[in-house]
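S.K.: Attaching a predicted model along with its sequence, questions to come.
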Amino acid sequence: MEPQNTQSVLVTSGKDCVIFDPWGRADDWCRILDERGLNLRAIYATHGHPDHIAAAPALAQKYNVPWYLHSGDFRLVGWGNGLLEHFGLPPINVNDTRPTPLEIKSTEILPGLRMDIIETPGHTPGGVAYHFPDEKVLLIGDTLFQADIGRYDLPGGDKNMLFQSIAHIYNMNLPSDTGVIHGHGMDTTIDWLHKNNPYFRP
C-alpha cells in the first residue's frame, strides 16, 4: 500500500471547514487552518487505512471536533502505524480522540452544504463515498480509481462486495458531469469513468 497522491480534501463555507481523509501531519494541517483563519468543525474519512486517517485523531483532539468513520473500519485504526513510521510520520495515538460512528444519511455538514453518505464496502468493510448533489461532486475514496479499482487483498477486503459497491455507484445514475475525486491519482467525471474505466459497470 503506497500512499502516493492521497487526495485529502478541505471544504470551506465562510470561515468554517471540514476535512476529508487527512493524510500527513496534524501540525501541517494546523498551520493551514491557522494561516487561512479557518474553524475546523469535523473530519470525515472514506475508510480506515492510515493514509486516509493519519492526522485525524490528533486534529480531533486539538480542535475538540468529531472525526467520523464507519464503525466497520474501527478495528483498522492503528493497524497501519508501521506504514506511517515508514514514511516518517508519527503513529496514530490510540489515546487521542476515537472515531465517531458515521451514520448513513443525508446531512448538512456546513451551512448550506448538503452531503449524502453512501456505503461502499469492499476495499475495507466500512468504506463510504461522499456525494454533494448540489455541487455535483463525489468523493469515492479507494473504491474506484481513474482506470482501476481499489485493492481487496488487505485486511477486511472483499472482491465481491467491492464490485457490488461499484455497481451501486453506477446505478445511481449521477449526472455525467459530476466530478469524481478519487482517493489517489487524477480526478475524473462520471462521464469519463463510463467511457474509460472498464470496472465501472452495473
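M.R.: Structure received.
S.K.: so how far is stretch 20-38 off the chain centroid?
M.R.: In terms of Cα atoms, centre = their mean, to the nearest Å, the centre of stretch 20-38 is found 16 Å from the chain centre.
S.K.: Please disregard the earlier target; I meant stretch 12-26.
M.R.: The answer for stretch 12-26 is 12 Å, by Cα atoms, centre = their mean.
S.K.: Quick one: end-to-end distance for it.
M.R.: Using Cα to Cα, to the nearest Å, the end-to-end distance of stretch 12-26 comes to 18 Å.
S.K.: buried stuff in it?
M.R.: Burial within stretch 12-26, assessed by neighbour count using 16 or more other Cβ atoms under 10 Å, is assigned to 16-26. Heads up, the C-betas are built off the backbone N, CA and C, glycines and all.
S.K.: Same question for stretch 182-199.
M.R.: Neighbour-count burial for stretch 182-199 [16+ other Cβ under 10 Å]: 182-184, 188-190, 192-193, 197, 199.
S.K.: So which residues make contact with it?
M.R.: Applying Cβ atoms under 8 Å, 6 or more residues apart in numbering, the contact partners of stretch 182-199 are 3-7, 21, 46, 52, 138, 140-150, 163, 166, 174-181, 200.
S.K.: Extract the CA atoms of it and return them as CSV.
M.R.: Output of stretch 182-199 as CSV, limited to C-alpha atoms (Å, rounded to 0.1, in the frame of the first residue of the first chain):
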residue,chain,number,x,y,z
HIS,A,182,-10.6,9.5,-6.1
GLY,A,183,-8.6,8.5,-3.1
HIS,A,184,-5.4,8.6,-5.2
GLY,A,185,-4.5,9.9,-8.6
MET,A,186,-6.2,12.2,-11.0
ASP,A,187,-9.8,13.4,-10.6
THR,A,188,-12.3,12.3,-13.3
THR,A,189,-16.0,12.7,-14.0
ILE,A,190,-18.8,10.1,-14.2
ASP,A,191,-18.8,10.5,-18.0
TRP,A,192,-15.1,9.8,-18.1
LEU,A,193,-15.5,6.7,-16.0
HIS,A,194,-18.3,5.4,-18.2
LYS,A,195,-16.0,5.8,-21.2
ASN,A,196,-12.6,4.8,-19.8
ASN,A,197,-12.9,2.7,-16.7
PRO,A,198,-13.7,-1.0,-17.6
TYR,A,199,-14.7,-1.7,-14.0
